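Visitor: For reference, the sequence and a predicted model appear below.
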Amino acid sequence: MEISKSDLEQENIRLADTIKEVNRQIDEFGIKLTDDSNALKDFQKLRWEMEQEMDSGERYSFVSDNDLKISLLNDQAKRMRRLYKIKDNPYFGSIIFNNEPIYIGITSLKKDDDYLVCDWRAPICSLFYDYGVGKAQYKSLNGIEKGEITRKRQYKIDKGKLKSVFDTDVNIDDDLLQSVLAQTSSDKMKNIVNTIQEEQNKVIRDEETANIIVQGIAGSGKTSVALHRVAFLLYKLEYLTSGNVVIFSPNNVFTEYISDVLPDLGEDNTLQTTMAEFASSFIVEYQRVETYNSFVERFYKGVRQDNDLIKFKLSDEIIPLMEQFCDYYSKAARFINKLEYKNKTVSMSELNELLHVRYSNKPLFERIDLISEKINNSYFKGSKKDFISIKSNLFKIANFKKDYREIYKFFFDSMIFKDNYKFDYRRNENVRNLNQKVMNYEDSTIFIYMKCLLEGFPYQVAMREVVIDEAQDYTYLQYKMFKKIFKNAHFTILGDVNQTVNPFYKYDNLNKLLEIFNKDSKYIELNKTYRSSPEIIEYANSILNLNHVSAIRKNVNLPVLKRPMSELKHIGRDVLYLKKKYRSIAIITKSIEEARIIADSLKQNYDKVSLIESNTTKFNKQLVVTPSYQAKGLEFDSVIVINNFSNDKYLYYVAVTRAQHELIVYE
């Protein structure tokens with residue numbers, strides 16, 4: 001609803017005053033930052049000149065003062081960056097609550113004792129997302145604050161100018177949301193702080209639940225919700241910094257795609273990794289671990305491989321077998337001779353008593369460390385050199401070795417495996433794969449689990465928040481290990497079982513993960529999609545026989561265009577047609593081979609053709625060619641799908657749900 005002329009004049013005056021104050025504070029911070037930087041340099045110079053004259057206490061004091069000054073400078077610089085973020089667009093909404101006007105932006109702006117702009121993460125700002133005009137309440141530090149919203153207003157500000165302003169309500173079809181949804185997509189994901197919806201806000205601002213598991217349909221904003229939740233927690237929790245948060249992304253393309261969101265919200269980017277990178281950090285026995293996308297690609301390329309064994313390696317059924325095997329291996333471990341070292345002798349019986357009685361509650365290889373430490377402390381004053389030598393000698397008189405590659409191979413030769421594997425075991429092929437320099441993805445998780453059972457879990461105590469996107473890509477065992485490795489962390493897990501591209505593993509429902517994250521955990525579903533038009537959603541629903549999907553975009557009356565495969569040679573005409581209307585186009589195939597052929601043919605006529613492969617990190621969204629499994633999490637104005645998916649309906653569903661405005665399918 002448009003506002004009155006007098007209200008518009010007042011809003012223009014307020015905007016001008018707010019921007020003026022932002023600029024004043026930027027100038028003030030700039031001067032202070034320069035002065036404090038010069039003062040720090042003088043302080044560090046003084047410390048350098050007096051270094052030789054200081055005692056240890058004075059040195060410690062100087063170092064502490066230096067660290068404090070650097071920390072304060074960093075805080076000032078961060079505040080400066082946040083002010084620059086709102087320099088031309090200080091706020092996007094406002095409410096009047098209990099007769100008090102509250103303006104809401106990406107960061108707060110305070111003048112004297114008054115807040116000209118409140119940070120969107122402040123408790124009172126939850127009213128903007130959760131309520132319309134009328135009775136409302138929010139949770140403050142003093143408890144529940146009740147009252148009434150008498151006005152709710154949204155703004156579109158560009159380069160310091162008020163382009164539009166209107167009174168609104170919490171309504172998923174409101175003008176601003178539809179305006180944003182109608183925009184063409186950009187190369188990077190943007191923040192959604194001005195259009196967060198009520199069901200998304202509940203996830204973002206949930207402070208009570210330690211572990212949140214979100215099942216969200218394609219286009220429901222799962223990744224945006226995750227990133228905004230991280231920003232909210234960084235604002236809310238004093239002990240949390242960006243360095244205490246890790247985000248698991250599906251691939252490096254996606255990591256690059258989301259890299260601007262947190263900086264746009266005034267926060268530093270967190271640590272980011274993929275499952276393959278994470279696994280490689282633990283598996284030093286191999287050069288690296290195969291990426292998830294390369295693993296999926298092997299199947300869809302039709303590579304000759306033992307698919308039954310791959311499926312078994314990824315299954316939940318293998319977990320208790322590996323546990324049994326490691327228990328058996330540990331119980332069978334023995335010292336078969338006495339230890340003689342530097343004129344000291346420890347009998348075989350004493351060593352085995354330490355191994356199987358004294359330290360029996362510890363993992364096998366941790367026991368060796370403890371035995372070495374005990375002998376060292378008892379006889380050799382605990383020197384590191386003696387500890388290493390004693391440990392080496394213990395392995396020489398044991399019937400086992402710390403050779404994880406060989407232990408892992410032995411698992412597949414054990415009766416524990418053979419008695420439970422119901423298919424023909426192609427041993428030579430498995431051994432050949434395990435002898436490679438790069439470990440196959442399907443082996444990596446159970447291999448790490450074996451190492452953890454035999455030497456203990458490598459606790460990552462610094463991590464306090466773990467975000468896992470595309471949750472359906474991770475096996476039950478991976479989550480089980482995450483919970484043990486990140487034992488001090490809370491988890492935000494988001495995915496969609498309908499977007500499973502792993503041909504060997506699928507969840508019926510992500511609420512199964514509550515078994516692992518059972519304490520202070522919550523399962524939530526997001527069933528509204530903001531990405532695609534109703535016509536595209538209807539077509540996507542037909543692939544998986546879904547009917548619970550709610551499309552929020554208004555009808556654009558663009559039906560899904562269907563072409564016969566015989567016309568694929570004329571795909572250039574569709575590209576030309578779409579280029580006249582949209583900024584981004586994706587051609588999505590089933591296999592990488594198909595994608596390469598199409599990309600090569602298009603490069604004859606178009607300069608900027610981006611082929612997304614497993615090792616791609618950056619791309620230009622103007623014209624993208626990619627297999628479906630590489631496109632997960634991405635979105636494009638328009639999409640052309642080459643439907644060679646046959647029975648791979650989930651892969652096909654991923655492909656068509658990348659489209660925002662228009663979809664063309666070659667069938």
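Guide: Here it is on my side, so go on.

Visitor: Going by C-alpha atoms from here, please, whenever you check contacts or count neighbours.
Guide: OK.

Visitor: Where do the helices of the stretch 151-300 of the chain begin and end?
Guide: Along the stretch 151-300 of the chain, the segments classed as helices by DSSP state H, counting those that start in this stretch run 175-182, 198-204, 222-236, 252-257, 261-264, 275-282, 292-300.

Visitor: Pick the most buried one from the ones you listed.
Guide: Highest mean neighbour count of the helices of the stretch 151-300 of the chain: helix 222-236, a mean of 22 (counted as mean count of other C-alpha atoms under 10 Å).

Visitor: Out of the helices of the stretch 151-300 of the chain, the one nearest residue 152 is which?
Guide: helix 175-182 (12.7 Å; C-alpha to C-alpha).

Visitor: Pick out the shakiest of the helices of the stretch 151-300 of the chain, pLDDT-wise.
Guide: Among these, helix 175-182 has the lowest mean pLDDT, at a mean of 56.

Visitor: now the helices of the stretch 151-300 of the chain as JSON lines including distance to residue 438?
Guide: As requested, the helices of the stretch 151-300 of the chain are arranged in JSON lines below (distance: least, C-alpha to C-alpha, whole Å):
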{"stretch": "helix 175-182", "distance to residue 438": "43"}
{"stretch": "helix 198-204", "distance to residue 438": "39"}
{"stretch": "helix 222-236", "distance to residue 438": "30"}
{"stretch": "helix 252-257", "distance to residue 438": "19"}
{"stretch": "helix 261-264", "distance to residue 438": "34"}
{"stretch": "helix 275-282", "distance to residue 438": "10"}
{"stretch": "helix 292-300", "distance to residue 438": "12"}
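
Visitor: and the nearest residue to residue 243 once chain neighbours are set aside, how many neighbours?
Guide: Closest residue in space to residue 243, ignoring its immediate chain neighbours: residue 270 at 5.9 Å, by C-alpha to C-alpha, 6 or more residues apart in numbering. For residue 270, the neighbour count with other C-alpha atoms under 10 Å is 19.

Visitor: In what element of secondary structure is the closest residue to residue 283 other than its chain neighbours found?
Guide: Nearest residue to residue 283 in three dimensions, chain neighbours excluded: residue 448, at 6.9 Å (C-alpha to C-alpha, 6+ apart). Secondary structure from DSSP states H and E places residue 448 in helix 441-455.

Visitor: got the buried residues for that helix?
Guide: If you call a residue buried by 16 or more other C-alpha atoms under 10 Å, then helix 441-455 has these buried ones: 441-455.

Visitor: ok, longest strand in the protein?
Guide: strand 143-158 (DSSP state E).

Visitor: and it, C-alpha only, in CSV?
Guide: Extracted C-alpha coordinates of strand 143-158, given in CSV (Å, rounded to 0.1, in the frame of the first residue of the first chain):
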residue,chain,number,x,y,z
GLY,A,143,11.8,-11.7,29.1
ILE,A,144,8.8,-11.6,26.8
GLU,A,145,7.9,-8.1,25.6
LYS,A,146,4.3,-7.7,24.5
GLY,A,147,2.7,-4.9,22.6
GLU,A,148,1.2,-3.8,19.3
ILE,A,149,2.6,-3.1,15.8
THR,A,150,0.7,-0.1,14.4
ARG,A,151,2.7,0.2,11.2
LYS,A,152,5.0,-2.0,9.1
ARG,A,153,6.9,-0.4,6.2
GLN,A,154,9.3,-1.6,3.6
TYR,A,155,11.8,0.5,1.5
LYS,A,156,13.7,0.1,-1.7
ILE,A,157,16.8,2.4,-1.5
ASP,A,158,19.4,2.6,-4.3
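
Visitor: and for stretch 323-330, what are the contacting residues?
Guide: Outside stretch 323-330, the residues within contact range by C-alpha atoms under 8 Å, 6 or more residues apart in numbering are 363, 364, 411, 414, 416, 450, 453, 454.

Visitor: If you count neighbours, what's buried in it?
Guide: Buried residues in stretch 323-330, defined by neighbour count with 16+ other C-alpha under 10 Å: 325, 326, 329, 330.

Visitor: which among the residues you listed gets closest to residue 141?
Guide: Checking the buried residues of stretch 323-330 against residue 141 by C-alpha to C-alpha gives residue 326 as the nearest, at 50.0 Å.

Visitor: is it true that that closest one lies in a strand?
Guide: No. Residue 326 is assigned helix when assessed by DSSP: H, G, I helix; E, B strand; the rest coil, not a strand.

Visitor: Would you quantify the distance from it to residue 450?
Guide: Counting by C-alpha to C-alpha, to the nearest Å, the gap from residue 326 to residue 450 is 7 Å.

Visitor: cool, and residue 398?
Guide: Distance, residue 398 to residue 450, using C-alpha to C-alpha: 20 Å.

Visitor: do residue 562 as well
Guide: Note on residue 562: its distance to residue 450, by C-alpha to C-alpha, is 50 Å.

Visitor: again, but for residue 210
Guide: 28 Å.

Visitor: Repeat that for residue 270.
Guide: 29 Å.

Visitor: again with residue 404
Guide: 8 Å.

Visitor: Quick one: residues contacting residue 161.
Guide: Contact partners of residue 161, counting by C-alpha under 8 Å, 6+ apart, are residue 88.

Visitor: what's the pLDDT at it?
Guide: So, for residue 161, pLDDT stands at 95.

Visitor: Who does it form a beta bridge with?
Guide: Beta-bridge pairing for residue 161 (DSSP bridges): residue 158.

Visitor: That one and residue 14: what is the separation?
Guide: Relative to residue 14, and taking C-alpha to C-alpha, residue 161 is found at 11 Å.
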